[in-house]
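[1] Fold the following for me, if possible:
(one chain, ligands or ions: 2)
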Amino acid sequence: MKCDQCSREFQSEEGYNQHMRDKHGVGKEKKEAPVAQQHKYKKKRSMKPVAYVLVVLIIIGLGYWAVSAMPQKPKVNLGSLGSTHIHQDFRAYIDGTIVDFSQPSYQLQNQYVHFEGGDGNVHHVHATGATLAYALDALRIRANASCITVGRQYCTSGDKVVKYFVNGDDNSNYLDYVMKDLDKILVYYGTDNETLMQEQINLIPDKAKNQDKTDELPSHIPR
Ligand SMILES: [Zn+2]
Ligand SMILES: [Zn+2]
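    Residues are numbered from 1 along each chain as shown. Ligands and ions are numbered 1, 2, ... in the order given. The predicted structure is shown next:
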């Protein structure tokens, strides 16, 4: 056999093939093809960890955003148990429905601030420094300036608003308000309508003033 490129002669086909491969690179391409494919595959695999890291970072980011947007547990500087004993007329509306604080799940949930005796109107405070946010948290209601969680979360959005009224005035800072004797408190989520809100303020019962201050303590404080 003769090489038509350099005229070298060969005894066997094997020798000829080897010569063509080594000297002229003929037949090498086929062998290289799988290597190239492997390379491509490797490249693809090495991209994957980057994608995983990105996905994890996005999840962490979203998680952080969700947590920071959620109402947090309030900080409070409470006095000792029994340092005061005051009452408020207290009501919460979620989209036109009164939150029924006479339900067992809202009764005596905290020894410092609570509804008691099956009554869902008069709120009792047994320690100085109790804020509205603390009272809500004791009822397992998480609240911030724009969101309130009563079972599920309700947020100011579109024509719906979250508002906190103390004695007829609304102010998102009222969450930090330290409750006083005979305050009238309305926690409101619903249509952003002044007339509607005023109606609900007017419907707050006037019972705290009749509350016997020699009630309960310490008999109803098992915890
Ligand atoms: Zn009490
Ligand atoms: Zn009381």
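
[2] pLDDT-wise, which helix or strand of the chain ranks last?
    helix 28-69 (a mean of 68; mean pLDDT, DSSP states H and E).

[3] any residue of the helix or strand just after that one up close to ligand 1?
    Using DSSP states H and E, the helix or strand that follows helix 28-69 in sequence is strand 86-94. No: applying Cβ under 5 Å from the ion, one finds strand 86-94 separated from ligand 1 by no less than 8.9 Å. C-beta: built from backbone N, CA, C; applies to glycine.

[4] elements contacting strand 86-94?
    strand 122-125, strand 147-150, strand 184-191 (3 or more Cβ pairs under 8 Å, 6 or more residues apart in numbering; DSSP states H and E).

[5] at 7 Å what do you get?
    strand 122-125, strand 184-191 (3 or more Cβ pairs under 7 Å, 6 or more residues apart in numbering; DSSP states H and E).

[6] where does the residue of the chain found nearest ligand 2 land on pLDDT?
    Ligand 2 sits closest to His124 of the chain, with a gap of 3.6 Å, by Cβ to the ion. Per-residue pLDDT puts His124 at 96.

[7] hmm, back to that, so which of the helices and strands packed on strand 86-94 is the most surrounded?
    strand 122-125 (a mean of 24; mean count of other Cβ atoms under 10 Å).

[8] ok, is the helix or strand following it in contact with ligand 1 or not?
    Scanning forward in sequence from strand 122-125 by DSSP H and E, the next helix or strand is helix 132-138. No: judged by Cβ under 5 Å from the ion, helix 132-138 stays clear of ligand 1, getting no closer than 11.6 Å.

[9] Need the residues that contact helix 132-138.
    73-74, 76, 109-110, 113-114, 123, 143, 164, 174-177, 179, 185, 187 (Cβ atoms under 7 Å, 6 or more residues apart in numbering).

[10] same question for it, mean pLDDT?
    96.

[11] In the sheet, which strands lie alongside the helix or strand following that helix, parallel or antiparallel?
    Using DSSP H and E, the helix or strand that follows helix 132-138 towards the C-terminus is strand 142-143. Strand 142-143 has these partner strands in its sheet, going by DSSP bridges: strand 147-150 (antiparallel).

[12] buried ones in whichever helix or strand comes after the strand it pairs with?
    For strand 147-150, the succeeding helix or strand toward the C-terminus, using DSSP H and E, is strand 152-155. For strand 152-155, a neighbour-count test (16 or more other Cβ atoms under 10 Å) marks Tyr154, Cys155 as buried.

[13] Just the angle for the helix or strand that strand 152-155 is followed by relative to strand 184-191, thanks.
    Under the assignment DSSP H and E, the closest C-terminal helix or strand after strand 152-155 is strand 160-166. Relative orientation of strand 160-166 versus strand 184-191 (axes from the mean of the first three to the mean of the last three Cα atoms, to 10 degrees): 170 degrees.

[14] okay, strand 160-166 in PDB with CA atoms only?
    Taking C-alpha atoms only, strand 160-166 is exported to PDB below (Å, rounded to 0.1, in the frame of the first residue of the first chain):
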ATOM      1  CA  LYS A 160     -58.800  47.800  51.900                       C
ATOM      2  CA  VAL A 161     -57.000  49.300  54.900                       C
ATOM      3  CA  VAL A 162     -55.700  48.200  58.200                       C
ATOM      4  CA  LYS A 163     -56.300  50.900  60.900                       C
ATOM      5  CA  TYR A 164     -55.900  51.200  64.600                       C
ATOM      6  CA  PHE A 165     -58.300  53.600  66.400                       C
ATOM      7  CA  VAL A 166     -57.900  54.800  70.000                       C
END
